[in-house]
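Visitor: Structure of the sequence below:
(one chain, ligands or ions: 1)
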Amino acid sequence: MLKPSPAAVHYLLTHFRWLWYVVNNSFLQDTIMRIVLTIRSDLIPSPPTYNTKYGYLNWESYNNISYYTRLLPPVPEDCPLPMGTKGKPVLPDPKVLMERFFKRTKFRPDPQGTNLMFAFMAQHFTHQFFKTDHGVHVGFTKGLGHGVDASQIYGENLMRQLQLRLHEDGKLKYQLVNGEMYPPSVTEVPVHMVYPEGLPAQQRLVIGHEIFGILPGLTVYATIWLREHNRVCDVLKAEHPTWDDEQLFQTSRLIIIGEIINIIIEEYVQQLSGYHLKLKFDPSLLFNVRFQYSNRIALEFCHLYHWHPLMPDSFLIDGDEIPYSQFLYNTSLLMHYGVEKLVDGFSRQPAGQIGGGHNTHEAVLKVTGMVIKESRAARVQPFNEYRKKFNLKPYTSFDEFTDDKDMARGLEELYGDIDALEFYTGVLLEKTRPDGIFGESMVEMGAPFSLKGLMGNPLCSPQYWKPSTFGGETGFDIVKTATLKKLVCLNTKWCPYVDFHVPRNEDEAKPRKPSTEL
Ligand code: HEM
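Guide: Numbers count the residues shown, from 1 in each chain. Got it, this is the predicted structure:
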């Protein structure tokens, strides 16, 4: 059968606006959406195969979910060179790679208009399943849910969940500040959170994920989801006055997971893809095709998702410019500005272009070095091997890989051979698509992992995808009609500008007033 190249399919989906206008209004949309979902997720083996210890199928590798899985087995230990059979005997110093190719020279905004609201969603969303366990040998995870389980809201284990819960009407614990709901502090809920020494206990907010106090962008999402959970509990209680705390909690959690998947597919992936095809979250599209409702997070997915170039030079909120030094671990910013002004500021501020290099701010540059070192310890195979695995043509030269002549020469000098280029360096530095946030490989490799994880969730299976799972039609409807705007504006006093892209027209760009209605 004739197979169109990924580049041709991408061109078709991102051009011919008129054509997609017609498609988005017809039954063809479902067919194309089904094809997108199946072609992408068919690339991910399910059940999973290898891991960092095992390059062959075995029970331990399948059954021990403390491992991340791997799409390709590690470079065998008996290979003559670090990347197999090609390249130099010693890999480039990560510091040299960081300084020469990753470090930001001048902030380059994403040409697709992605904003900080998107960037913090990326971090908030992915950290429920990317939870590398640095306490043991490389390749292990603390995230045993291996997918969208909302553990960043409810905690990774039952002990933490029980401490975060109010044990009344299904709700989570909270504190009221000026009449508004915020996460409680460690004085009320004594669970482990990572904060710098000396930060007063009242400012140590408690969140499902122990590191989410680090950024106001994460605490604002934590606050919004906390309010949404408690709002959904009220809706369910009104429908089911006899339900106990447990059933209200459990059913609300399923609704929240459903809302997350919907918003991620229809708005977040939509923004990332740049497609004119309107992406649709409808699990029933897959009910008549062969599809496994299970997922295992892969190490390669975790590595490629290190999107630190998204981070700006400083943060702009309500006319103030806040440097990193005053932003990190500053939970008082959340109460000072309130959710509305933070969301408004983050939605208006451009995020950096992820691909192409030279765009990682100093404050996060060290993370680049960490992932490079980790990928070496895990013996991740070369970038070109992954290109082949995802049906992409391997690059034949550094000049084909990047249009930046200096970068091509520099990488050639350091790696010696295009077939020895490392996976992470490859996905991040590859030439970007015209006006794209990153290059071809990030899309063609990231999308399959992502869609398999989203649609492989049990909620999307025929057994779960029905009104009774969500407490009836009202709950099912909350899931099916979830949007980022509703998520924010049903839980705030006024409706700020809220989207995953910077304002695109004058109307969107207008300053919002505290009276704006949903
Ligand atoms: C100022 C903002 C940020 C800071 C200070 C920060 C810092 C860090 C640090 C220190 C690590 C741990 C590195 C390691 O131990 O290997 C990390 C991991 C990671 N970061 Fe960020 N980050 C930021 C923003 C982001 C954003 C916007 C994304 C977008 C997706 C992101 C994605 C990741 C991923 C996927 C990991 C790996 C997580 C894991 O394996 O457990 N980060 N980051």
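
Visitor: okay, CA-based contacts and neighbour counts for the rest of this
Guide: Noted.

Visitor: what ranges do the strands span in the protein?
Guide: Applying DSSP state E to the chain gives strands spanning 50-51, 69-70, 175-177, 180-182, 315-317, 320-322.

Visitor: Show me what from the stretch 351-500 of the chain comes close to the ligand.
Guide: By CA under 6 Å from any ligand atom, the residues of the stretch 351-500 of the chain that approach the ligand are V364, V367, M370, V371.

Visitor: Find the pair from these with maximum spatial separation.
Guide: V364 and V371 (11.8 Å; CA to CA).

Visitor: Give me the more crowded residue out of those two.
Guide: V371 (18 against 13; other CA atoms under 10 Å).

Visitor: and the stretch 1-150 of the chain, which residues reach the ligand?
Guide: A119, F120, A122, Q123, F130, K131, T132.

Visitor: Mark which of those residues are part of helices, please.
Guide: Those of those mapping onto helices are A119, F120, A122, Q123, per DSSP state H.

Visitor: count of neighbours near the closest residue to M83 other than its chain neighbours?
Guide: Closest residue in space to M83, ignoring its immediate chain neighbours: A420 at 5.6 Å, by CA to CA, 6 or more residues apart in numbering. The number of residues packed near A420 is 24, by other CA under 10 Å.

Visitor: Enumerate every residue touching the residue lying closest to P323 once chain neighbours are set aside.
Guide: The spatial neighbour of P323 that comes closest, neighbours along the chain excluded (CA to CA, 6+ apart), is S314 at 4.8 Å. Counting by CA atoms under 8 Å, 6 or more residues apart in numbering, S314 touches E321, I322, P323, Y324.

Visitor: quick one: which of those is nearest to the ligand?
Guide: Nearest to the ligand among those is Y324, at 7.4 Å by CA to the nearest ligand atom.

Visitor: residue contacts, the closest residue in space to S441 that isn't next to it in sequence?
Guide: Residue nearest to S441 in three dimensions, not counting chain neighbours: V427, with 6.0 Å by CA to CA, 6+ apart. By CA under 8 Å, 6+ apart, V427 lies in contact with L304, G355, F383, G439, S441, M442.

Visitor: The stretch 1-150 of the chain: helices as residue ranges?
Guide: If DSSP state H, counting those that start in this stretch is used as the criterion, the helices of the stretch 1-150 of the chain fall at 6-14, 17-23, 28-41, 59-63, 94-97, 116-126.

Visitor: Let me know which of these is the nearest to G198.
Guide: Comparison of the helices of the stretch 1-150 of the chain against G198 by CA to CA identifies helix 116-126 as nearest, at 25.3 Å.

Visitor: and S284, how far is that from the ligand?
Guide: 29 Å (CA to the nearest ligand atom, to the nearest Å).

Visitor: my read: that residue touches P462, true?
Guide: Yes. At 7.4 Å, S284 counts as touching P462 under the criterion of CA atoms under 8 Å.

Visitor: returning to what we had before: just put the strands of the chain in TSV and tack on mean pLDDT and mean neighbour count.
Guide: Listed next are the strands of the chain as TSV, based on pLDDT from 0 to 100; neighbours: other CA atoms under 10 Å:
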stretch	mean pLDDT	mean neighbour count
strand 50-51	97	24
strand 69-70	98	28
strand 175-177	97	11
strand 180-182	98	19
strand 315-317	98	18
strand 320-322	98	11
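
Visitor: so which of these gets nearest E508?
Guide: In terms of CA to CA, the element of the strands of the chain nearest to E508 is strand 315-317, at 16.9 Å.

Visitor: Name every strand pairing with the closest one and say which way it goes.
Guide: According to DSSP bridges, strand 315-317 has the following sheet partners: strand 320-322 (antiparallel).

Visitor: how far does the strand it pairs with sit from the chain's center?
Guide: Taking the mean of its C-alpha atoms, strand 320-322 sits 26 Å from the chain's own mean (CA atoms, centre = their mean, to the nearest Å).

Visitor: rewinding a little: I'd like the strands of the chain laid out as CSV, including distance to P458.
Guide: Below are the strands of the chain laid out as CSV (distance: least, CA to CA, whole Å):
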stretch, distance to P458
strand 50-51, 23
strand 69-70, 19
strand 175-177, 33
strand 180-182, 30
strand 315-317, 38
strand 320-322, 41
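
Visitor: hey, where'd the helices end up in the stretch 151-300 of the chain?
Guide: Using DSSP H, counting those that start in this stretch, the helices of the stretch 151-300 of the chain run over 151-154, 158-164, 216-239, 245-263, 270-273, 299-304.

Visitor: other SSEs contacting the first one?
Guide: Helices and strands touching helix 151-154, as assessed by 3 or more CA pairs under 8 Å, 6 or more residues apart in numbering; DSSP states H and E, comprise helix 158-164, helix 216-239.

Visitor: what pLDDT, on average, does the first one get?
Guide: In this case it means helix 158-164. The average of the pLDDT scores along helix 158-164 is 98.

Visitor: And it, what's buried?
Guide: Buried residues in helix 158-164, counted by 16 or more other CA atoms under 10 Å: R160, Q161, Q163, L164.

Visitor: what's the closest of the helices of the stretch 151-300 of the chain to the ligand?
Guide: helix 299-304 (5.3 Å).

Visitor: contacting residues around F281?
Guide: Contact analysis of F281 by CA under 8 Å, 6+ apart lists I261, N262, I265, E266, K480.

Visitor: wait, the fourth one sits on L277?
Guide: No. In this structure, E266 sits apart from L277 without contact. The criterion is CA under 8 Å, and the distance is 10.6 Å.

Visitor: So if I had to pick from those two, which one is more boxed in?
Guide: Taking other CA under 10 Å, E266 and L277 do not tie; L277 has more neighbours (22 against 17).

Visitor: So what's the residue count around the residue lying closest to that one once chain neighbours are set aside?
Guide: Nearest non-adjacent residue to L277, counting by CA to CA, 6+ apart: W20, 5.7 Å away. Neighbourhood size, W20 [other CA under 10 Å]: 19.

Visitor: Check what pLDDT W20 gets.
Guide: 85.

Visitor: Roughly how far does it sit from F27?
Guide: 12 Å (CA to CA, to the nearest Å).

Visitor: ok, now M455?
Guide: Separation of M455 from F27 (CA to CA): 21 Å.

Visitor: Out of the residues of the stretch 351-500 of the chain next to the ligand, which sit inside helices?
Guide: Taking DSSP H as the definition of helices, those contribute V364, V367, M370, V371.

Visitor: In CSV: those residues, plus pLDDT.
Guide: Putting those into CSV (pLDDT from 0 to 100) gives the following:
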residue, pLDDT
V364, 98
V367, 98
M370, 97
V371, 98
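
Visitor: Tell me the one of those nearest L484?
Guide: Using CA to CA, these come closest to L484 at V364, 27.0 Å.

Visitor: Leaving out sequence neighbours, find the closest residue to the closest one.
Guide: Residue nearest to V364 in three dimensions, not counting chain neighbours: H308, with 6.5 Å by CA to CA, 6+ apart.

Visitor: Can you report how many residues neighbour P434?
Guide: Close neighbours of P434, defined as other CA under 10 Å, add up to 9.

Visitor: how near is it to the ligand?
Guide: 22 Å.

Visitor: returning to that earlier point: who has more neighbours out of M455 and F27?
Guide: M455 (25 against 9).

Visitor: what's the closest non-adjacent residue to that one?
Guide: In space, and not counting its chain neighbours, M455 is closest to P283: 6.9 Å by CA to CA, 6+ apart.

Visitor: Identify the residues contacting the one you found.
Guide: M455, C460, S461, W465.

Visitor: And D313, by the same measure?
Guide: Taking CA under 8 Å, 6+ apart, we find D313 in contact with F107, P323, H361.

Visitor: So for it, what's the pLDDT?
Guide: 98.

Visitor: ok, now H276?
Guide: 89.

Visitor: Now do the contacts for it.
Guide: So H276 contacts L13, T14, H15, R17, W20, Y21 (CA under 8 Å, 6+ apart).
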